[in-house]
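Novice: Predicted model follows, preceded by the sequence.
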Amino acid sequence: MIIIGIMFFIFGFVTWLNGSLIPFLKVICDLSDFQALFVTFAFYIAYTVMAFPMAALLEKTGYKKGMSIGLLVMAIGSLLFIPAALNAEYILFLVALFTLGTGLTILQTASNPYIVLIGPQESAAMRISIMGLINKSAGVLAPLVFTAYIFSGIGSIETLDALQIETLGEKLIQPYMYMAIALVFLAVFVKFSTLKEIEYEDDDDFDNGTVFAFPRVVLGAVALFFYVGIEVIAGDTIGLYAQGLGVVNATTLTSYTMVFMVFGYIVGVTCIPKFLSQEKALVFSAVSGILLLLGVAFSSTTSSVIAETLWGWSGIMTLPDSVTFVALLGFANALVWPTIWPLALEDLGRHTAKGSALLIMAIAGGALLPIAFGKIAEVSGSMQEAYLYGIVCYLFILVYALKWHKMKTW
């Protein structure tokens, strides 16, 4: 569990740096909002492109060796940020992000089944929520550490001159070099650790057919596709949205969304399954997400009383109402991933590994839906109204919670 916990911390730290990178790269590479959102596309599309190849790799190497390989691939991705930063070359940044995503694909495919299978199915969401606490705690730290280091002595990101922009790009080199060193160290640590391999029980009932014969996992992947899309929109566009409203230090705002996700995971750890079933938790998440998106679209873009109450201690900015609602989406999103995984993998027998890979492929929602969001915002001229399209995502999640997860045959 400790080793898997370390993996989930890495997932969170690397993944949620993207929310800070988007407004950062927008400045140093002179991008539009739509172009900047290709950060999420390059990172998350790796999960779709590489999921089944990486699942095949895990079958050949074993899970422990495969995780070490994944960490080394991530180290290579981190090192690619060095030439990208030196040249302020956006394409190189996207290649580096795709490489990081490829390494994470291996780690995600291996680690999530561990958490589902090491205990009773009905409490799997609680165990995944514990991992989520670790993951999103890293997500809280990453933007704060990034902003504190990168922008120290620089001033406001909106008022930089050419020399400061060049200096800003160069400051990106050191943290990613340190990250590469840490990832290599962790790869060696995992290689020589006592982590055991996952052993799936063979079941004659599942000898025929493929994983696509099981509606609950296929439709679970569909629901996860829309979930990851809206999760990434909530976490990675909040900085861009707040930047457009003139909020200072907008690159830190991904941390706000992550804080609310942490609160949501605490609910999962303490209430599932004792007070709240996995199905009901999923229904609550979908309904609350819809209501919060309505709050984003129809609330004020001026300073928020809610935000002042939540973030009113010294050194923390106040937020416009609509930005606060975007941050609150973190709470609605928190329990979706922990509840869909055990519901989708239930009774898959020897198809569990392929089912896991299929669910990991659904992370492509984080690549495609933010791009769609960016185009809608660009065409409509209003990012605030564009958030409304996220209601579609929560409707798919709601249908899975109410009906699709119960389907045993097509």
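Specialist: Good, I have the coordinates. Residues are numbered from 1 along each chain as shown.

Novice: Not counting its neighbours along the chain, what's nearest residue 191?
Specialist: Leaving aside its chain neighbours, residue 191 sits nearest to residue 68 (4.3 Å; criterion: C-beta to C-beta, 6 or more residues apart in numbering). Every C-beta, even on glycine, is put in place using the N, C-alpha and C of the backbone.

Novice: hmm, I was thinking of residue 131
Specialist: In space, and not counting its chain neighbours, residue 131 is closest to residue 8: 4.4 Å by C-beta to C-beta, 6+ apart.

Novice: which ones are touching the one you found?
Specialist: Shown in contact with residue 8 (C-beta atoms under 8 Å, 6 or more residues apart in numbering): 111, 131, 132, 134, 135, 138.

Novice: Any of those buried? List them.
Specialist: Using 16 or more other C-beta atoms under 10 Å as the burial test, the contacts of residue 8 include 111, 131, 132, 134, 135, 138 as buried.

Novice: which is the next helix or strand following the lowest-mean-pLDDT helix or strand in the chain?
Specialist: Of all the helices and strands that make up the chain, the one with the lowest confidence by mean pLDDT, DSSP states H and E is helix 305-311; it has a mean of 47. Beyond helix 305-311 on the C-terminal side, the first helix or strand identified by DSSP states H and E is helix 321-333.

Novice: and that following helix, what other elements does it pack with?
Specialist: Helices and strands touching helix 321-333, by 3 or more C-beta pairs under 8 Å, 6 or more residues apart in numbering; DSSP states H and E, are helix 215-236, helix 238-244, helix 254-271, helix 278-298, helix 305-311.

Novice: export the second one as CSV, just CAs?
Specialist: So the one you mean is helix 238-244. These are the backbone C-alpha positions of helix 238-244, laid out as CSV (Å, rounded to 0.1, in the frame of the first residue of the first chain):
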residue,chain,number,x,y,z
ILE,A,238,-9.8,27.5,-13.8
GLY,A,239,-6.5,29.4,-14.2
LEU,A,240,-7.2,30.5,-17.7
TYR,A,241,-10.8,31.5,-16.8
ALA,A,242,-9.6,33.5,-13.7
GLN,A,243,-6.8,35.1,-15.7
GLY,A,244,-9.3,36.4,-18.2
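
Novice: Which elements pack onto it?
Specialist: In this structure, helix 238-244 makes packing contacts with helix 18-28, helix 33-36, helix 254-271, helix 321-333, helix 383-386, judged by 3+ C-beta pairs under 8 Å, 6+ apart.

Novice: try 10 Å this time
Specialist: helix 18-28, helix 33-36, helix 124-150, helix 254-271, helix 321-333, helix 365-380, helix 383-386 (3 or more C-beta pairs under 10 Å, 6 or more residues apart in numbering; DSSP states H and E).

Novice: now the fourth one, how far from the chain's geometric center?
Specialist: This points to helix 254-271. Relative to its chain's centre, helix 254-271 lies at 13 Å (C-alpha atoms, centre = their mean, to the nearest Å).

Novice: do the same with the third one
Specialist: Here helix 124-150 shows a centroid-to-chain-centroid distance of 10 Å under the convention C-alpha atoms, centre = their mean.

Novice: Rebuild the contacts of residue 8 as a markdown table, extending it with pLDDT and distance to residue 233.
Specialist: Rendered in a markdown table, the data for the contacts of residue 8 read as follows (pLDDT from 0 to 100; distance: C-beta to C-beta, whole Å):
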| residue | pLDDT | distance to residue 233 |
| --- | --- | --- |
| 111 | 76 | 24 |
| 131 | 82 | 22 |
| 132 | 77 | 18 |
| 134 | 84 | 23 |
| 135 | 77 | 18 |
| 138 | 81 | 20 |
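
Novice: Can you name the two of the residues you listed that sit furthest apart?
Specialist: Distances among the contacts of residue 8 were taken as C-beta to C-beta; the most separated pair is 111 and 138, at 14.0 Å.

Novice: in what helix or strand does residue 96 lie?
Specialist: In the assignment (DSSP H and E), residue 96 maps to helix 90-117.

Novice: Give me the angle between that helix and helix 124-150.
Specialist: Following axes from the mean of the first three to the mean of the last three C-alpha atoms, to 10 degrees, one obtains 150 degrees for the angle between helix 90-117 and helix 124-150.
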